[in-house]
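Chemist: I need the structure of the sequence given here:
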Amino acid sequence: MQTSEQLTEVRKAHRFDEAVLDRYLAGHLEGYRGPLRVRQFEGGQSNPTFLLNADSGDYVLRKKPPGVLLPRAHMIEREYRILAALAATDVPVPKVHLLCESPDPIGTAFFVMDYVRGRLLRDPTLPDIKPAERRAIYQEILRVLAILHAVDYEAIGLADYGKPGNYFGRQIRRWSQQYEASKTREIASMRRLIDWLPENIPNDDTSCIVHGDYRLDNLVLAADEPRVSAILDWELSTLGHPLADLAHGCAHYYVSIANQPPLADAAGGDGVDHATTADSGIPTEREYVETYCRYTGRSGVPHWNFYLAFSIFRYACIAQGVYKRGLQGNASSQQAISLGSVVEIASDKAWEITQRPTSDS
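Modeler: Alright, predicted model coming up:
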């Protein structure tokens with residue numbers, strides 16, 4: 001559950017007329033009854049997210065941030081669409097209620113969905129959880145990811161949700177452009193990655209629904225068991241390559257994500273397959289990949305260095321965009337400014353991975 005410690009009063013940059021929203025919901029959200037109280041979730045660095053307390057229940061509102069936005073960024077309309085489509089599958093998602101594409105009510109487009117109660121765990125080391133449950137949680141994370149990747153996207157009306165094939169080529173081009181649009185200084189390793197990645201894309205055009213930011217703190221876990229109740233934050237979802245999601249889940253072995261230390265650092269490691277001890281319950285990077293392969297029937301992951309480097313490169317590009325919005329004062333979280341140093345660290349790590357001896361995982 002998003003706890004009270006993760007909720008704040010609506011920050012100045014994101015304030016809107018709550019009375020106008022109250023009236024809008026009364027006229028458009030079935031069963032809604034005010035009065036309305038609005039608070040903001042501190043977590044999340046992209047689309048501002050709010051808890052709506054009303055007499056009829058609790059809801060979550062996600063909206064675009066204010067100000068001038070990068071092209072094709074913050075597409076909450078796509079989030080709404082995929083959540084609505086996945087409601088008919090075994091993928092655990094919150095129920096969506098309405099999409100408002102007009103900026104008139106609160107200044108930007110927004111959608112409203114259910115508030116899913118449960119545990120929202122941010123630290124991938126799971127410090128307050130016993131080893132057996134840690135292992136079960138990580139296995140559940142990968143089981144649900146395999147379910148998502150197995151969805152027949154055409155059957156649920158998402159055949160046009162992206163362009164099947166050449167996923168990495170398009171993504172590298174997109175994020176390179178986004179990085180250039182938000183760049184605040186030159187980083188040598190980022191320049192090398194922008195040149196190296198498009199020249200080393202594996203010849204594999206497998207396509208499925210990809211979440212784009214699939215990691216522990218975008219999952220709501222049931223309060224009393226290691227079960228995923230809902231996957232959150234679908235802003236980066238599209239039709240793409242499943243190994244992009246898998247590699248993204250392994251990025252936290254190498255770099256700080258969401259202000260949490262890398263698993264490698266937390267365990268005193270210094271490279272690959274080093275992040276955990278045998279009795280911690282947390283899988284090593286290799287075990288993480290092998291578990292996913294078991295759930296999906298894969299025999300292994302060729303070109304793993306590429307997938308991992310791409311994932312960390314993309315994270316660096318996203319961090320740069322959030323940092324730039326933080327400098328401008330319209331980021332979704334007060335932690336945005338801290339990401340300035342993360343960009344170079346992540347870029348350097350991604351470049352280092354590209355230079356490792358070729359290996360399959």
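Chemist: wait, doesn't residue 18 sit right on residue 39?
Modeler: No. Judged on C-beta atoms under 8 Å, residue 18 makes no contact with residue 39 at a distance of 10.6 Å. In short, each C-beta sits where N, CA and C put it, glycine included.
Chemist: mind listing the strands for the stretch 151-300 of the chain?
Modeler: With DSSP state E, counting those that start in this stretch as the criterion, the stretch 151-300 of the chain has strands at 208-210, 219-221, 228-231, 238-240.
Chemist: can these go into a markdown table with extra columns for mean pLDDT?
Modeler: Below are those laid out as a markdown table (pLDDT from 0 to 100):
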| stretch | mean pLDDT |
| --- | --- |
| strand 208-210 | 97 |
| strand 219-221 | 96 |
| strand 228-231 | 98 |
| strand 238-240 | 95 |
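Chemist: quick one: which of the ones you listed is nearest residue 166?
Modeler: Between residue 166 and the strands of the stretch 151-300 of the chain, the shortest separation by C-beta to C-beta is 9.8 Å, and it involves strand 238-240.
Chemist: Now do the same contact list for the closest residue in space to residue 156 that isn't next to it in sequence.
Modeler: Leaving aside its sequence neighbours, residue 156 sits nearest to residue 85 (C-beta to C-beta, 6 or more residues apart in numbering; 4.6 Å). Applying C-beta atoms under 8 Å, 6 or more residues apart in numbering, we find residue 85 in contact with 156-158.
Chemist: Give the ChimeraX command for selecting the buried subset of those.
Modeler: Remark: buried members of the contacts of residue 85, expressed as a ChimeraX selection using 16 or more other C-beta atoms under 10 Å:
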select :156,158
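Chemist: Residue 222: how many residues sit nearby?
Modeler: A count of nearby residues for residue 222, using other C-beta atoms under 10 Å, gives 16.
Chemist: doesn't residue 121 make contact with it?
Modeler: No. With contact defined as C-beta under 8 Å, residue 222 does not count as touching residue 121 (11.6 Å).
Chemist: Could I get the buried residue list for the helix or strand where the residue nearest to residue 156 lies?
Modeler: Taking DSSP states H and E as the criterion, residue 85 maps to helix 76-86. For helix 76-86, a neighbour-count test (16+ other C-beta under 10 Å) marks 76, 78-86 as buried.
Chemist: Restricting to C-alpha, output it in PDB.
Modeler: C-alpha atoms of helix 76-86 as PDB (Å, rounded to 0.1, in the frame of the first residue of the first chain):
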ATOM      1  CA  ILE A  76      -1.000   8.900 -20.100                       C
ATOM      2  CA  GLU A  77      -3.600   8.200 -22.800                       C
ATOM      3  CA  ARG A  78      -1.600   5.100 -23.700                       C
ATOM      4  CA  GLU A  79      -1.400   4.100 -20.000                       C
ATOM      5  CA  TYR A  80      -5.200   4.200 -19.800                       C
ATOM      6  CA  ARG A  81      -5.600   2.200 -23.000                       C
ATOM      7  CA  ILE A  82      -3.300  -0.700 -22.000                       C
ATOM      8  CA  LEU A  83      -4.800  -0.900 -18.500                       C
ATOM      9  CA  ALA A  84      -8.300  -1.100 -20.000                       C
ATOM     10  CA  ALA A  85      -7.200  -3.800 -22.500                       C
ATOM     11  CA  LEU A  86      -5.300  -5.900 -19.900                       C
END
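Chemist: Downstream of that helix, the next helix or strand is which one?
Modeler: Next along the chain after helix 76-86, taking DSSP H and E as the criterion, comes strand 96-100.
Chemist: What is that following strand packed up against?
Modeler: Judged by 3 or more C-beta pairs under 8 Å, 6 or more residues apart in numbering; DSSP states H and E, strand 96-100 is in contact with helix 18-28, helix 76-86, strand 110-114.
Chemist: Out of these, flag the one nearest residue 181.
Modeler: Evaluated over these, closeness to residue 181 peaks at helix 76-86, with 19.6 Å, by C-beta to C-beta.
Chemist: so residue 139, which of the three states?
Modeler: helix (DSSP: H, G, I helix; E, B strand; the rest coil).
Chemist: What about it, how many residues nearby?
Modeler: With other C-beta under 10 Å as criterion, residue 139 counts 17.
Chemist: contacting residues around the closest residue to it other than its chain neighbours?
Modeler: What sits nearest to residue 139 in space, not counting adjacent residues and going by C-beta to C-beta, 6+ apart, is residue 291, at 6.2 Å. Contact analysis of residue 291 by C-beta under 8 Å, 6+ apart lists 138-139, 142, 283.
Chemist: ok, back up a step: mind checking the strands of the stretch 151-300 of the chain for the one nearest to residue 195?
Modeler: Nearest to residue 195 among these is strand 238-240; the distance by C-beta to C-beta comes to 22.1 Å.
Chemist: what angle do the helix holding residue 85 and strand 96-100 make?
Modeler: Computed by axes from the mean of the first three to the mean of the last three C-alpha atoms, to 10 degrees, the angle separating helix 76-86 from strand 96-100 equals 150 degrees.
Chemist: chain center to helix 76-86, what's the gap?
Modeler: 14 Å (C-alpha atoms, centre = their mean, to the nearest Å).
Chemist: measure the closest residue to residue 176 other than its chain neighbours to residue 172 for me?
Modeler: Excluding the flanking residues, the one nearest residue 176 by C-beta to C-beta, 6+ apart is residue 194, at 4.8 Å. Residue 194 is 8 Å from residue 172, where distance means C-beta to C-beta, to the nearest Å.
Chemist: between those two, which one's more packed in?
Modeler: Neighbour tally, residue 194 and residue 172, criterion other C-beta under 10 Å: the higher count belongs to residue 172, 22 against 19.
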